[in-house]
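Novice: heads up, no residue letters with this:
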């Protein structure tokens, strides 16, 4: 991500008229509605992320299950191609995890900036209590955990590749 801090001038539109927050009740109502919508969209990103992880987990498991099924039958002369496909899937999976991580990071920076204009800041406070992702005993960011799973499959596909590639 190119910016580490949200610029209020980019995020908030100028309040028109003589009234300013908090006197402008309509502006505050719109802010709260947009905040609710934005938090909902952040939650949807997390749901899409979980769905993508489930998909990649299923496909990688199916590939390795197929390799395990075929191997005892000595029909493994082309299994190295499946291993390469599995390695490529792992690389794409990891790239997708990083993309979702960056998107969620940006979304929560915006949420924290919006919360500065609201009476309470629950997400910012929660993030502070959890050590802002820098205290593994309190909280280990999910992206750090989930990014290890593609590596496990990457290694397993690599073993299949080494064992089945026609080296001679």
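Specialist: Right, received. Where do you want to start? Given the structure is predicted, the values throughout are model-derived calculations rather than measurements.
Novice: Quick one: distance of the strand or helix carrying residue 61 to the chain centre.
Specialist: Secondary structure from DSSP states H and E places residue 61 in helix 25-70. Remark: helix 25-70 is offset 8 Å from the chain centroid, using CA atoms, centre = their mean, to the nearest Å.
Novice: what does stretch 95-107 give?
Specialist: The answer for stretch 95-107 is 5 Å, by CA atoms, centre = their mean.
Novice: sorry, back to before: give the next helix or strand downstream of the helix holding residue 61.
Specialist: helix 79-115.
Novice: and that next one with helix 25-70, angle?
Specialist: 170 degrees (axes from the mean of the first three to the mean of the last three CA atoms, to 10 degrees).
Novice: ok, and what's touching the next helix or strand after helix 79-115?
Specialist: For helix 79-115, the following helix or strand on the C-terminal side (DSSP H and E) is helix 122-129. Helix 122-129 is contacted by residues 39, 108, 111-112, 115-116, 133, 138 when judged by CB atoms under 8 Å, 6 or more residues apart in numbering. Where you see a C-beta, it was placed from the backbone N, CA and C, and this is true even at glycine.
Novice: Show me the contact partners of stretch 160-168.
Specialist: Residues contacting stretch 160-168 (CB under 8 Å, 6+ apart): 64, 67, 76-80, 82-84, 86-87.
Novice: How about it, which residues are buried there?
Specialist: Judged by neighbour count (16 or more other CB atoms under 10 Å), stretch 160-168 contains these buried residues: 160-161, 164.
Novice: again, but for stretch 63-70
Specialist: Here stretch 63-70 shows 63-64, 67 as buried, counting by 16+ other CB under 10 Å.
Novice: Let me see the contact set for the closest residue to residue 66 other than its chain neighbours.
Specialist: In space, and not counting its chain neighbours, residue 66 is closest to residue 82: 7.0 Å by CB to CB, 6 or more residues apart in numbering. Residues near residue 82 by CB under 8 Å, 6+ apart: 63, 66-67, 160.
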